[in-house]
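Asker: Sequence and predicted structure, then a few things I'm wondering about:
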Amino acid sequence: MGRLRLFALLTAAPLVLGAAPAQEPTLAGFTEASSRAERGWEARFRAMPDPAKLQEYMKRLSARPHHVGSPYDKDNAEWILARFKEWGLDAHIETFDVLFPTPKERRVEMVAPTKFVAELKEPPLAGDPTSNQTAEQLPTYNAYSVDGDVTGPLVYVNYGVPDDYERLQRFGVSVKGAIVIARYGHSWRGIKPKVAAEHGALGCIIYSDPRDDGYFGGGTFPDGPFRPAQGVQRGSVMDTQYVGDPLTPGVGATKDAKRLALKDVTVITKIPVLPISYGDAAPLLKALDGPMAPPEWRGALPFAYHVGPGATRVHLVVKSNWDMKPLYDVIARIPGAADPDEWVIRGNHHDAWVNGAQDPISGQVALLEEARAFGDLLKQGWRPKRTIVYCAWDGEEPGLLGSTEWVETHAGELAAHAVAYLNSDSNSRGYLQMSGSHSLEAFYNEVARDVPDPESGLSVWKRLKLRRIENAKTGEERKELRRESDLRIGALGFGSDYTAFLDFVGVPCLSVGFGGEGEGGTYHSIYDDFYWYTHFADTTFVYGRALAQTTGTAVMRLADAELLPFGFGNLADTVRRYLDELQKLLAEERDEAVERNLEIEEGVFAATCDPRAPTFAPPAEDAPPHINFAPLENAADALTRAAKRYDRAVAAARGEGGSILARDGIAAVNAALLGADRALLDPEGLPGRPWFKNLLYAAGAYTGYGAKTVPIVREAIEQRRWSEAEAGAVRTGKVLDAAAAAIERAASTLEALAAPPRG
Ligand SMILES: [Zn+2]
């Protein structure tokens, strides 16, 4: 526990005891009276989400394929709109026009030493009633692959991440002029063709290995939940210099938007890429010779994995229809009674690759139940203080299109009005997955303590805490978990629709969902459908209910609190941890380079080379220089000081039943609070990726989905660009200083409000 956390606990404890029943502490940001009222409304709310309704919505929304541009995508948007209206919400559809390629020609064939033509087809399965909607299904492909027709020797590159190519170099294998075959996993899929092209490959095939996604995990569909031999993972491979419509970076894709010409778009892959099943991959991999793949590269197919290249040659053809398609974002609003200009925003996408029962409908149905329940609460007299905005996004799958275009269109308003954005996507059985902005970490913990887990009867918070104790790798980790403190939340990368809110506008975000007990393998295939979900996933929809309860409670609490329930002790503590990680990372790089150079000098690599399976010494490397982390150290100190001051101001304001929080002047404190997360943006953005403006949280340029925190410094160290790391420490220090200044402003405004009148 950081000293900051301890401080927060000590100051909070007497207040907790002073409040009415011990198990119902006064909610952060509320007065004692308003907290009691809030808890009353929330209890009513949490009784409303109904598993039977969740199932009924899923059946309807996943009945037919509903990808971007399909008839049922529009039909679903109109159906969602009608529900919002039926429940009394003020709703409309907002439309955009985006570039969305669909397959025209696809071919993968082995031309030597033997002939084999890949199926590239997912067969309908008897008993699964929607798997035969062949005419409406999008064929298996990777959207935004460049068109191409290439032939070359085949090389297996494991997951196709940069480290894998270093390993290939040690085998003396080059992919120049070759077609690579990579397995899905360990990076966002778009990284694989990007890194392959950087190494001179002509084409890229991505397959699902049964070790990661298939029978190694359990029985395959339809007997079990795991990916069958012909199941294929579709998905976007757009490069991540920016997200959203490729033709309109930074601005909304409205009718009259200025668009790039297709030839000027830089986010389309440099080489053609196509995904295949393990049924189709097996003959290709089996035909490879060359060095044996290292043990950790071997999958679960029943033959020896070789790296290649050899006599195996592959012909790959990818051609798309490069058409414009409409997007239908459904936006509903509940106007705030007291502070209509502060918006709490909640979203989940509605488009899928095919039927998409799990991704995204399992999350969308929870969002709908929240909206229905809010409609009921409004009839019963509930009036949220702030405006609540509910969003069903289109076009998430191709590249977060619907949410990004909406955010870019409304960026100015959002910068002025958005309090927080809460996202969900796929949902299943198991544990609460907690990630988001650390200014909301304490708040997220508070919410999770109040939601019951449907299986254990514990709160979802307690169950997750015990799970983390079970999974902890060290005694130190367990010790930290057992202390009475908040559970840490993960940072956000770019896995879903929060990205534009977080990285383009600086809105604090939470990502909510359950998982860990409903495993399987139908992701982005025709088998992610109602039959699969109701046989193998959250079959009773009780975790769908828990998702609605968790997210809905968070939305209500953010919308109703007098003082926005942001906390900065956890943020300061997290920044301090990131700084420690960066220093450790640099030290490790130094140790590794020194050790490697020593081994080269000693002749270790030459001596251990087996002449029958030769390997090559890696190149010598300069050890990293020392880097000045002082701007980050000073900024972390400033954040810690500001957070402590703000905590003291809040503790003081919570005296006497917290009546100070009900004063008019609290609006100025809230306005100052919104400045803290906005301050994390730098208009210049990340090096080479100016669209991404958040200097604390980003997705990695070479890892994708996973978050890179303090991205400029971390990526520069990983990629050995030392002067960029140093400059990044200065720039990141500046935004953290600006965040600290915003927190100081909020603290001083609150102190002034709480100060006894002079005279
Ligand atoms: Zn999704």
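Answerer: That came through, no problem.
Asker: Give me every residue in the protein lying close to the ion.
Answerer: By CB under 5 Å from the ion, the residues of the chain that approach the ion are 359-360, 425. Backbone N, C-alpha and C define where each C-beta goes, glycine included.
Asker: what about 8 Å?
Answerer: Residues of the chain lying close to the ion by CB under 8 Å from the ion are 349, 352, 356, 359-360, 363, 396-397, 425-426, 496.
Asker: In which helix or strand does E599 reside?
Answerer: E599 belongs to helix 569-602 when assigned by DSSP states H and E.
Asker: So which other helices or strands are in contact with that helix?
Answerer: helix 3-18, helix 441-448, helix 630-653, helix 711-718 (3 or more CB pairs under 8 Å, 6 or more residues apart in numbering; DSSP states H and E).
Asker: now, of those, which is deepest in the fold?
Answerer: Mean neighbour count (mean count of other CB atoms under 10 Å) peaks for helix 441-448 among the helices and strands packed on helix 569-602, with a mean of 24.
Asker: List the contacts of the closest residue to L378 other than its chain neighbours.
Answerer: Leaving aside its chain neighbours, L378 sits nearest to G88 (6.1 Å; criterion: CB to CB, 6 or more residues apart in numbering). By CB atoms under 8 Å, 6 or more residues apart in numbering, the contact set of G88 is 375, 378-379.
Asker: So for the one residue in the stretch 501-650 of the chain that gets nearest to the ion, what's the pLDDT?
Answerer: Proximity of the stretch 501-650 of the chain to the ion (CB to the ion) peaks at H524, 8.9 Å away. Reading off the confidence values, H524 has pLDDT 97.
Asker: likewise M1?
Answerer: pLDDT, M1: 35.
Asker: what does T11 give?
Answerer: We note a pLDDT of 38 for T11 in this prediction.
Asker: So which of the contacts of G88 is the closest to R83?
Answerer: Nearest to R83 among these: G375, at 9.4 Å, using CB to CB.
Asker: contacting residues around the closest one?
Answerer: 87-89.
Asker: So what's the gap between the one helix or strand it maps to and the chain middle?
Answerer: When elements are assigned from DSSP H and E, G375 belongs to helix 363-379. Distance of helix 363-379 from the chain centroid (CA atoms, centre = their mean, to the nearest Å) equals 24 Å.
Asker: In it, which residues are buried?
Answerer: Going by neighbour count (16 or more other CB atoms under 10 Å), the buried part of helix 363-379 is 363-375, 377.
Asker: How about the stretch 401-550 of the chain: which residue is closest to the ion?
Answerer: Here the residue of the stretch 401-550 of the chain nearest the ion is D425; by CB to the ion that distance is 4.1 Å.
Asker: For that residue, list the residues it contacts.
Answerer: For D425, the contacting residues are 348-349, 359-360, 363, 396, 495-497, 511, 513, by CB under 8 Å, 6+ apart.
Asker: and with 10 Å instead?
Answerer: 347-349, 358-360, 362-364, 393, 396, 495-498, 511-513 (CB atoms under 10 Å, 6 or more residues apart in numbering).
Asker: what's the following helix or strand past the helix holding E599 in contact with?
Answerer: Elements were assigned by DSSP H and E; along the chain past helix 569-602, the next helix or strand is helix 604-607. Applying CB under 10 Å, 6+ apart, the external contacts of helix 604-607 come out as 170, 595-596, 598-600, 615-618.
Asker: Between these, which sits nearest R641?
Answerer: E595 (39.7 Å).
Asker: quick one: contacts for Y207?
Answerer: By CB under 10 Å, 6+ apart, the contact set of Y207 is 108, 118, 181-184, 213, 232-233, 274-282, 284-285, 299, 301.
Asker: CA atoms of stretch 580-590 as CSV?
Answerer: Output in CSV follows, covering the C-alpha atoms of stretch 580-590 (Å, rounded to 0.1, in the frame of the first residue of the first chain):
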residue,chain,number,x,y,z
ASP,A,580,9.7,2.2,-11.5
GLU,A,581,8.8,-0.1,-14.4
LEU,A,582,10.5,2.2,-16.9
GLN,A,583,13.7,2.4,-14.8
LYS,A,584,13.7,-1.4,-14.4
LEU,A,585,13.2,-1.9,-18.1
LEU,A,586,16.1,0.3,-19.0
ALA,A,587,18.4,-1.5,-16.4
GLU,A,588,17.3,-4.9,-17.9
GLU,A,589,18.1,-3.7,-21.4
ARG,A,590,21.5,-2.6,-20.2
